[in-house]
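Q: give me a model of this one.
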Amino acid sequence: ILLSILAILYHFVHDGSSWIVGKIGQNSPKFAASSGTWQLFVLLADIILITLVSLGVSRLYGGPGEYLAAVISDMIVGVNIAGYQISLLSIFIGFAIFMLVIALTNSLKQFLGNNVLPRTPLDRSAQDSLRQTVGYVGYIIAFLLALSYSGINLSSFALIASALTVGIGFGLQNIVNNFVSGLILLAERPIKVGDWIVAGNYEGYVQKVNVRATEITTFDRSSVIIPNAELISQPVVNWFYKSKQGRVIVNIGVAYDSDPEQVRDLLLQVAHNHPLVQPLPQPSVFFVDFAESSLNFSLRCFILDYSNSLGVASDLRFEINKLFAQHKIKIPYPQRDLYVHQMADRVHRPSSSG
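A: I've put the predicted structure just below:
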């Protein structure tokens, strides 16, 4: 009977915890079935089950009843160590509550992200920030509940934590700095998911804003992890901060024998004919400079989505080159004039001596 109960409890604990861990692992890979956290949970459960059944079998075969009762009492009630009531059962319950709250938190995040937030007027970045905030609050609650049910006095834990704050602050100041910077980014949202940013030598789209670091994807499809402290303390260019509208600039030089007014009209014609160029603000052409080999012009126009700026600029250059060829307007290359002066022969031959 005891072995049957052990088998039933074993499958119940393993199957039930596998279902919980499967739910957690969908959003948190570190809690997946192959993680160390899951292995520790299974080990604790197996130790408790095997110990209980071993004590029961020993009692059936004449084991000391008072000793077994004391051992079972210590496992259930716990042992008082330095004012803390510690037991394997309380640790197991605290760990199970931690994993259960984490599972509920991840399910709530998934429910908000799939069913609730898409129906609200919030944009994608605000929805992501709200989901991240709910997740962090859930993790904190799970940690506190696990400590409480494990028999640890939170007031004493607070005193110990306050005493270690200074040392931890010096040792983990970079992590704390990035953590606080991440909270600022989530609250103020100067950088949002989907923004096109330029941070230092890196440029790309923001994929995820975490508490410690922000992930961006470059145009080469490589992922770059940037610490949040750098995004707070250093200048960052955000092309999509207020709107996606941006300006496209195409610089070009023509030969000196070209008609500047004709060049201006052709450039404006190219800009007005492109479907992505906005009529307002109107495209403009500036006569920039008299260069060494060319007359320099600058075509400037606006588009609604700046992520198309490279493609629009390329289309404009193709059309300009085609239109200039039709009107025989040359785009010169650098030229140098070389003048050769013939000088009189002033070579004096030495006179011969007799």
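Q: would you map the strands across the stretch 51-200 of the chain?
A: Assigned by DSSP state E, counting those that start in this stretch, the strands in the stretch 51-200 of the chain fall at 79-81, 84-86, 196-199.
Q: the last one pairs with which strands?
A: Yep, that's strand 196-199 we're talking about. Sheet pairing for strand 196-199, assigned by DSSP bridges, gives strand 202-209 (antiparallel), strand 237-238 (antiparallel).
Q: would you mark the buried spots in the first one?
A: With burial defined by 16 or more other Cβ atoms under 10 Å, the residues of strand 202-209 counted as buried are 204-206, 209. In short, each C-beta sits where N, CA and C put it, glycine included.
Q: what sits up against that strand?
A: Residues outside strand 202-209 that contact it (Cβ atoms under 8 Å, 6 or more residues apart in numbering) are 125, 128-129, 132, 182, 185-186, 191-197, 214-219, 223-224, 226, 228.
Q: give me that answer again for 10 Å
A: Applying Cβ atoms under 10 Å, 6 or more residues apart in numbering, the contact partners of strand 202-209 are 125, 128-129, 132, 182, 185-186, 189, 191-199, 214-226, 228, 231, 237-240, 307.
Q: now swap in the shortest one and tell me
A: Identification of contacts with strand 237-238 by Cβ under 10 Å, 6+ apart yields 190-192, 195-199, 203, 206, 231.
Q: of these, grab the buried ones for PyMOL.
A: To isolate the buried ones among these in PyMOL, judged by 16+ other Cβ under 10 Å, type:
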select buried, resi 191+192+195+196+197+199+206+231
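Q: from the contacts of strand 237-238, which is closest to Arg247?
A: Closest approach between these and Arg247, by Cβ to Cβ: Trp196, at 14.2 Å.
Q: how about that closest one: what's its closest non-neighbour residue?
A: Leaving out its chain neighbours, the residue that sits closest to Trp196 by Cβ to Cβ, 6 or more residues apart in numbering is Trp239, at 4.3 Å.
Q: got it, and Val263?
A: Val254 (5.5 Å).
Q: again with Arg212
A: Counting by Cβ to Cβ, 6+ apart, the nearest residue to Arg212 once its immediate chain neighbours are dropped is Asn178, at 4.7 Å.
Q: next, count neighbours for that neighbour.
A: 23 (other Cβ atoms under 10 Å).
Q: where's it relative to Asn228, distance?
A: In this view, Asn178 and Asn228 are 5 Å apart by Cβ to Cβ, to the nearest Å.
Q: hey, what's in contact with both of those two?
A: What both Asn178 and Asn228 touch, as defined by Cβ under 10 Å, 6+ apart, is the set 210-214.
Q: report the buried members of the residues you listed.
A: Buried by 16+ other Cβ under 10 Å: 211, 213-214, out of the shared contacts of Asn178 and Asn228.
Q: about what we covered before: including distance to Leu267 and mean pLDDT, could the strands paired with strand 196-199 go into JSON lines?
A: Formatted as JSON lines, those follow (distance: least, Cβ to Cβ, whole Å; pLDDT from 0 to 100):
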{"stretch": "strand 202-209", "distance to Leu267": "28", "mean pLDDT": "88"}
{"stretch": "strand 237-238", "distance to Leu267": "27", "mean pLDDT": "88"}
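Q: adding distance to Ile8, write the ones you listed out as CSV.
A: Below are the strands paired with strand 196-199 laid out as CSV (distance: least, Cβ to Cβ, whole Å):
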stretch, distance to Ile8
strand 202-209, 43
strand 237-238, 59
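Q: helix, strand, or coil at Glu215?
A: strand (DSSP: H, G, I helix; E, B strand; the rest coil).
Q: what residues does it make contact with?
A: So Glu215 contacts 193, 204-209, 223-226 (Cβ under 10 Å, 6+ apart).
Q: Val237: neighbouring residues, count only.
A: Neighbours around Val237, by other Cβ under 10 Å: 10.
Q: need the CA coordinates for stretch 275-286. PDB is fine.
A: Output of stretch 275-286 as PDB, limited to C-alpha atoms (Å, rounded to 0.1, in the frame of the first residue of the first chain):
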ATOM      1  CA  PRO A 275       4.500  58.400 -55.000                       C
ATOM      2  CA  LEU A 276       6.000  58.400 -51.500                       C
ATOM      3  CA  VAL A 277       7.100  62.100 -51.600                       C
ATOM      4  CA  GLN A 278       4.700  64.300 -49.700                       C
ATOM      5  CA  PRO A 279       3.300  67.500 -51.400                       C
ATOM      6  CA  LEU A 280       3.400  69.300 -48.000                       C
ATOM      7  CA  PRO A 281       5.900  70.400 -47.000                       C
ATOM      8  CA  GLN A 282       6.700  71.000 -50.600                       C
ATOM      9  CA  PRO A 283       9.900  69.600 -52.100                       C
ATOM     10  CA  SER A 284      12.700  72.200 -52.400                       C
ATOM     11  CA  VAL A 285      15.900  72.600 -54.400                       C
ATOM     12  CA  PHE A 286      18.900  74.600 -53.100                       C
END
